[in-house]
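Asks: with the input below, show me the fold.
(3 chains)
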Amino acid sequence: MRLRLTPREDSYYDLFADSAGNLVTASRLLVELISEGADREGIAEKMRACEHAGDERTHAIMRRLNESFITPFDREDIYRLASNLDDCMDYMEAAADLVVLYQIDHLPKEVVRQVEVLERAAELTAEAMPRLRSMKNLNEYWIEINRLENQGDQVYRRLLAKLFSGDYDALTVLKMKEVIDQLESAADAFEHVANTVESIAVKES
Amino acid sequence: MRLRLTPREDSYYDLFADSAGNLVTASRLLVELISEGADREGIAEKMRACEHAGDERTHAIMRRLNESFITPFDREDIYRLASNLDDCMDYMEAAADLVVLYQIDHLPKEVVRQVEVLERAAELTAEAMPRLRSMKNLNEYWIEINRLENQGDQVYRRLLAKLFSGDYDALTVLKMKEVIDQLESAADAFEHVANTVESIAVKES
Amino acid sequence: MRLRLTPREDSYYDLFADSAGNLVTASRLLVELISEGADREGIAEKMRACEHAGDERTHAIMRRLNESFITPFDREDIYRLASNLDDCMDYMEAAADLVVLYQIDHLPKEVVRQVEVLERAAELTAEAMPRLRSMKNLNEYWIEINRLENQGDQVYRRLLAKLFSGDYDALTVLKMKEVIDQLESAADAFEHVANTVESIAVKES
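Replies: Numbers count the residues shown, from 1 in each chain, chains lettered A, B, ... in the order given. Purely as a prediction, here's the structure:
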């Protein structure tokens, strides 16, 4: 059984919850970004703001780690979880950034599915972070994220087959592949978050 | 001199040996996969089974690490070695998966050499894992893996020059390059395993 | 206030300073490599020598870590800093290697800016390493590296837009993109060095 200690430790949970909430915002911007008639440059700018906000949370967590001796769970796991959440944000922002940089007007419709997987993964993660206090019901979270990542993987593979079908010229394939690769990396990154959470839950049980 | 402790600790060695044996199986499937008239989809399915088996070993090692306090050598090194072995498997499975996904019928003949390097590296690794008990003769293992990785690197570079020679259209180059990149990453991953083993041997001496 | 201990500990600082000095040499070779009329094969060979020298320093640091109990700051940070410096070297050497392997005669002029960013980052890093003894004036170093990395990022993005403008055929884009990707990764790697230095400075304050 874990002791409830000083309020200062609860702040780790708040910072993780903030970080994950930021991922939800970012994933919804991605959904907007790839829809018809979207203001792509405007949305990419909001994504960059999200990414800066995420960086701030990550730095806040790292600073707290460097400055305090007492941690609610293994300090290496706090470091890893913060890094994992940061990766999710970086990949999503990179994908948005490339869509604008490469002036991609059209993406295959399966990309909508990739982005919906990320939105659902972000929501589940934001719901799970507060449960790190009690360590309850984290197994369902981990199972669901794994299921989502498998879905994302299948969509990604169908997209690869489509890109290389001969319907697109090589330069277009190169550009689109880079975008879908970033989205696939983001889905993997959410799975790494879930694996770290599972590892924490196992140690604390 | 290291103390022989409870049988439960020997299990780390068994798990590492299993993991490495699994890599030998996978590397031999790769050799089959790229040969003439191979049943590519069937072999890719066996590779996925190998990859799942590898994941199970990796999870078993991580669980044991999270649950026990006593370890035969540095727990960070056990974690690192398990991760490194897992990476070898992931890269080999990804290469096989892409050959099928991209419906690649023909690969330049040098790819045979790439895959033979992986097979030899896997065999040496499987032979070395039990020697972690005694820490004996691990230097030869590390030297030989380094030599193999250099060979693999030279083959990879000849392949790159060939791909970009103008003999292949851009989409074919893209697909083949992704496969040989995964095989090159697998060769690097075997070198990371050897580096971790060397590091363990130095600390235990 | 940190105690000055045995001369043997000062060697970490010497090794880090050597490593960073090696990065300055490498970055200057890159500047040469991409200039008109350069002896590309000769320069790539010098880069490989630089990379071997860098590997030796990295191994020397890792060996010292494995063999000694006392460290001037957190051993995980020494490990991380050595790894980070090693990454900078690897990316720069890979970029040079590809220029020769792909027989790239012409690169867009913005690549000069990418390489100048790396040269400046390497110089700042070489100047900062001895200041790890006193932990003084490391904040300016970190701020300047961040500024340089942002510059490098902007140059990289302009280069991507240029590559995909339609002025180059797909195979040329593929080859050039791989080179500029390695240079961009090198710039990111210098930022990771600076982040590790900042983290060390925070803990020691």
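Asks: tell me which parts of chain A are close to chain B?
Replies: Residues of chain A lying close to chain B (Cβ under 8 Å from any Cβ of the partner chain) are A:Arg157, A:Leu160, A:Ala161, A:Phe164, A:Gly166, A:Ala170, A:Val173, A:Leu174, A:Lys177, A:Ser199, A:Val202, A:Lys203. (Each C-beta comes from the backbone N, C-alpha and C, glycine too.)
Asks: got a ChimeraX select line for the buried ones in those residues?
Replies: Selection of the buried residues among those in ChimeraX, burial being defined by 16 or more other Cβ atoms under 10 Å in any protein chain shown:
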select /A:160,164,170,173,174,177,199,202
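Asks: which ones among the residues of chain A next to chain B come in contact with chain C?
Replies: A:Ala170, A:Leu174.
Asks: output the lowest mean pLDDT helix or strand found in chain A.
Replies: Least confident helix or strand of chain A, by mean pLDDT, DSSP states H and E, is helix A:7-33 with a mean of 89.
Asks: helices along chain A, start to end?
Replies: A:7-33, A:40-67, A:75-101, A:110-128, A:138-163, A:170-204 (DSSP state H).
Asks: find the residue at the geometric middle of chain A.
Replies: A:Cys88 (3.0 Å; Cα atoms, centre = their mean).
Asks: shouldn't that residue be in contact with A:Ala187?
Replies: No. When contacts are counted by Cβ atoms under 8 Å, A:Cys88 is not listed as touching A:Ala187 (9.0 Å).
Asks: how about A:Ala194: what's its closest non-neighbour residue?
Replies: A:Ile145 (3.9 Å; Cβ to Cβ, 6 or more residues apart in numbering or on different chains).
Asks: if I pick the one you found, what's in contact with it?
Replies: By Cβ atoms under 8 Å, 6 or more residues apart in numbering or on different chains, the contact list for A:Ile145 reads A:Ala121, A:Leu124, A:Thr125, A:Phe190, A:Glu191, A:Val193, A:Ala194.
Asks: ok, 7 Å please
Replies: A:Ile145 is in contact with A:Ala121, A:Leu124, A:Phe190, A:Glu191, A:Ala194, counting by Cβ atoms under 7 Å, 6 or more residues apart in numbering or on different chains.
Asks: and of these, the nearest to B:Arg57?
Replies: If you rank the contacts of A:Ile145 by distance to B:Arg57 using Cβ to Cβ, A:Glu191 comes first, at 18.6 Å.
Asks: now the closest one. Nearest residue, chain neighbours left out?
Replies: Looking at A:Glu191 with Cβ to Cβ, 6+ apart, the closest residue is A:Glu149, at 4.3 Å.
Asks: look at that neighbour and report its pLDDT.
Replies: As predicted, A:Glu149 sits at a pLDDT of 94.
Asks: now chain A against chain C: closest residue?
Replies: A:Ala170 (3.6 Å; Cβ to the nearest Cβ).
Asks: what's A:Ala122 in contact with, if anything?
Replies: Counted by Cβ under 7 Å, 6+ apart, A:Ala122 has contacts A:Ala20, A:Leu23, A:Val24, A:Ser27.
Asks: burial measure for the nearest residue to A:Glu198 once chain neighbours are set aside, as a count.
Replies: The spatial neighbour of A:Glu198 that comes closest, neighbours along the chain excluded (Cβ to Cβ, 6+ apart), is A:Trp142 at 4.6 Å. When neighbours are counted by other Cβ atoms under 10 Å in any protein chain shown, A:Trp142 registers 20.
Asks: can you check A:Val193 too?
Replies: 30.
Asks: that one reaches A:Ala126, doesn't it?
Replies: No. Look at A:Val193 against A:Ala126 with Cβ atoms under 7 Å: they stay out of range, at 10.9 Å.
Asks: residues from chain A in reach of chain C?
Replies: Residues of chain A that fall close to chain C, judged by Cβ under 7 Å from any Cβ of the partner chain: A:Met62, A:Arg63, A:Asn66, A:Leu101, A:Tyr102, A:Ala170, A:Leu171, A:Leu174, A:Lys175.
Asks: correct me, but the last one touches A:Ile104?
Replies: This means A:Lys175. Yes. In this structure, A:Lys175 is within contact of A:Ile104 by Cβ under 7 Å, at 6.1 Å.
Asks: the two: who's more crowded?
Replies: A:Lys175 (20 against 17).
Asks: how about the more buried one: what's its closest non-neighbour residue?
Replies: Closest to A:Lys175 by Cβ to Cβ, 6+ apart is A:Tyr102, at 4.3 Å.
Asks: distance of that neighbour relative to chain B?
Replies: 16 Å (Cβ to the nearest Cβ, to the nearest Å).
Asks: so how far is A:Glu116 from that residue?
Replies: Distance of A:Tyr102 to A:Glu116, given as Cβ to Cβ, to the nearest Å: 22 Å.
Asks: over to A:Asn84?
Replies: 21 Å.
Asks: pLDDT score for the residue nearest to A:Arg113 when sequence neighbours are not counted?
Replies: With sequence-adjacent residues excluded and distances taken as Cβ to Cβ, 6+ apart, A:Arg113 is closest to A:Val155, at 4.5 Å. Listed pLDDT for A:Val155 reads 97.
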